[in-house]
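Participant: Return a 3D structure for these sequence lines:
(one chain, ligands or ions: 2)
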Amino acid sequence: MSSCDTLGLNIENSYLSLPEHCYAKAQPAPIESPFLVIKNVSLAEELSLSFDQINDTDLAQVFCGNVVPTGATPISQAYAGHQFGNFTMLGDGRAHLIGEHVLPDGRKVDIQLKGSGRTPFSRGGDGKGAMGPMLREYIISEAMYGLGIPTTRSLAVVATGEPVYRKTVLPGAILTRVAASHVRVGTFQYAAAQGDTDTLKKLADFAIARHYPEVQQSETPYFDFLTAVMQRQIDLIVDWMRVGFIHGVMNTDNMAISGETIDYGPCAFMDAYDPQTVFSSIDVNGRYAFANQAPLANWNLARLAEAMLPLLDTDSKVAVKKAEQIIYGFDDLFQKAWLDMMCKKFGLFGEEDQDRDLVDGLLSVMTKQKMDYTNTFRALSTLHFGKEEGYSTEDFVAWLEIWQARQALNQPSPEASKTLMDSHNPWIIPRNHQVEEALELAEEEADLSKLHRLLDALASPYQEKEMYLDLTLPPAPSDRVYKTFCGT
Ligand code: AMP
Ligand code: MG
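Facilitator: Ligands and ions are numbered 1, 2, ... in the order given. Just a heads-up that it's a prediction; the model follows:
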């Protein structure tokens, strides 16, 4: 029995049912001495995998790609994408999809190795991943999961023992990523670029069966599919705005059709509130700044709609009208969903005309006073304000009075407001300076204690836990992280 069978991996490769040019069969590069750095026991349980039947040496063999499940056909997927607005043919240049693991309840998840060697889509790249970025994706994706936000997840990181040449020489690593699927907006763009409607239709049918089975019986399945994809993206971005997450590289190849957050590169959570915050070192024009995420999602969805035009109607003019009907609806839907979410953050029940002004009022005080996004909302729920300057400003005190009067309207009880706030405002987020410190220790001293502590704290982020209080503090000026680097 192979290690994969012992593990309980139950692999299908339904992506192979798509036309052959949608993927390339590709084997992960052999790794001489793989070493398991971290494994996700709770995710394994959720996936009905049994880590306890298999030792770490054998697990490392599986999670570096040396051993693949019986019958599996690893592939790399073809896709295209608008990267910072420019269209390019891409594809998995350093990732291998081992296959879809079928859970006992029939649900399918992709098991993908990232950093597992060159593929036919590697272009000039080496196909490798470095330890820091792979562990970073592990931490942030698990934090997102803890926050209750749709996301790909991380099952393991394996050290390859091989050097990776970037600006400096870095230790190599492979991440095992679990996703609802890896079909992206860019996958549709790839299919559209082939100029053959049959591929496009097969891809859309694949995505519908996997992620939107409810539209299968519709008379207008592709119209409904596009509408549903847009709704999930709206919900996702609203969630990002709720917790102060900045994706950093919202290129169309990094937007999953499933509605999960995918491709954690130079992403980060905001400390002090500033809508213009950008962390990505490659985002020099601030294209993907915190406040731009909704318009950019809208732009990406317009690219998806464009790619899908032949499926919306055989008459191209009618198809464009149908696409516009959906895409032009983004802003209203987003604004409404965003305000609903913000009202929950503020502990407000019902809808009142002044709500938008009330929300904007605090956000503008927070921007001006550089107040901490996470801690300010938790302070509002307890009315225990710390010593930060912002809380004693005239603007804030005046705002507080208006907010308290509004909060009393439609309110079942003060406790109900507090419960609402505390379930929408995290107590803890993965603060960049803490993440960087944990990664440095892990990389330089092979000490994972800080990383594990951070992961424990982030597993239940809405719950206040005295023992993790230090992790909730904003960075001292000297610890502020202004840039995060792409996960390459
Ligand atoms: P990302 O920035 O990770 O979203 O990747 C953008 C594109 O570059 C994708 O097609 C990746 O597969 C490819 N890519 C990123 N890093 C590498 C690498 N080290 N080797 C080969 N391809 C890569
Ligand atoms: Mg990507």
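Participant: So, low pLDDT: which residues of this protein?
Facilitator: Applying pLDDT under 70 to the chain picks out residues 1, 485-488.
Participant: can you list the domains in it?
Facilitator: Structural domains annotated on the chain: 3-179, 185-337, as defined by automatic domain parsing.
Participant: what's the closest of those to ligand 1?
Facilitator: Closest to ligand 1 of those, according to C-beta to the nearest ligand atom: domain 3-179, at 2.2 Å. Bear in mind the C-beta positions are built from the backbone N, C-alpha and C, glycine included.
Participant: Off-centre distance for the closest one?
Facilitator: Centroid separation between domain 3-179 and its chain, computed with C-alpha atoms, centre = their mean, to the nearest Å, is 15 Å.
Participant: May I see the domains of the chain organised as JSON lines, with distance to ligand 1 and mean neighbour count added?
Facilitator: JSON lines is the format used below for the domains of the chain (distance: least, C-beta to the nearest ligand atom, whole Å; neighbours: other C-beta atoms under 10 Å):
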{"stretch": "domain 3-179", "distance to ligand 1": "2", "mean neighbour count": "20"}
{"stretch": "domain 185-337", "distance to ligand 1": "5", "mean neighbour count": "19"}
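Participant: Of all those domains, which one is nearest ligand 2?
Facilitator: Of all these, domain 185-337 sits nearest to ligand 2, with 4.0 Å by C-beta to the ion.
Participant: Any idea how far apart the tips of the closest one sit?
Facilitator: When the termini of domain 185-337 are compared using C-alpha to C-alpha, to the nearest Å, they are 22 Å apart.
Participant: Is it positioned near ligand 2?
Facilitator: Yes: Domain 185-337 is in contact with ligand 2 by C-beta under 5 Å from the ion, via 253-254, 263.
Participant: Would you reformat the residues you listed as JSON lines and include secondary structure?
Facilitator: Below are these laid out as JSON lines (DSSP: H, G, I helix; E, B strand; the rest coil):
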{"residue": "253", "secondary structure": "helix"}
{"residue": "254", "secondary structure": "helix"}
{"residue": "263", "secondary structure": "coil"}
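Participant: Just the residues contacting the helix or strand where residue 364 lies, thanks.
Facilitator: With elements taken from DSSP states H and E, the one containing residue 364 is helix 355-369. Contact with helix 355-369 is made by 272-275, 339, 342-343, 346, 348, 371, 373, 376, 388-390, 393, 395-396, 399, 402-403, 406, as judged by C-beta atoms under 8 Å, 6 or more residues apart in numbering.
Participant: Just the residues you listed: which are in helices?
Facilitator: In helices, judged by DSSP state H, the following of the contacts of helix 355-369 are found: 339, 342-343, 373, 376, 395-396, 399, 402-403, 406.
Participant: Are any of those buried, and if so which?
Facilitator: Neighbour-count burial (16 or more other C-beta atoms under 10 Å) applied to those gives 342-343, 373, 376, 396, 399, 403, 406.
Participant: Pull the most distant pair out of those.
Facilitator: 373 and 406 (20.4 Å; C-beta to C-beta).
Participant: how about residue 207, what does it touch?
Facilitator: Taking C-beta under 8 Å, 6+ apart as the criterion, residue 207 is in contact with 181, 183, 225, 257.
Participant: and it, that one's in a helix?
Facilitator: Yes: residue assignment for residue 207, taken from three-state DSSP, places it within a helix.
Participant: Straight-line length of stretch 336-352, end to end?
Facilitator: End-to-end distance for stretch 336-352, by C-alpha to C-alpha: 13 Å.
Participant: and it, which residues are buried?
Facilitator: For stretch 336-352, by 16+ other C-beta under 10 Å, it's 337-338, 341-349.
Participant: So what touches the helix or strand containing residue 416?
Facilitator: Taking DSSP H and E as the criterion, residue 416 maps to helix 414-424. Applying C-beta under 8 Å, 6+ apart, the contact partners of helix 414-424 are 242, 341, 344-349, 377-378, 380-382, 407, 411, 462.
Participant: Okay then, goodbye and thanks.
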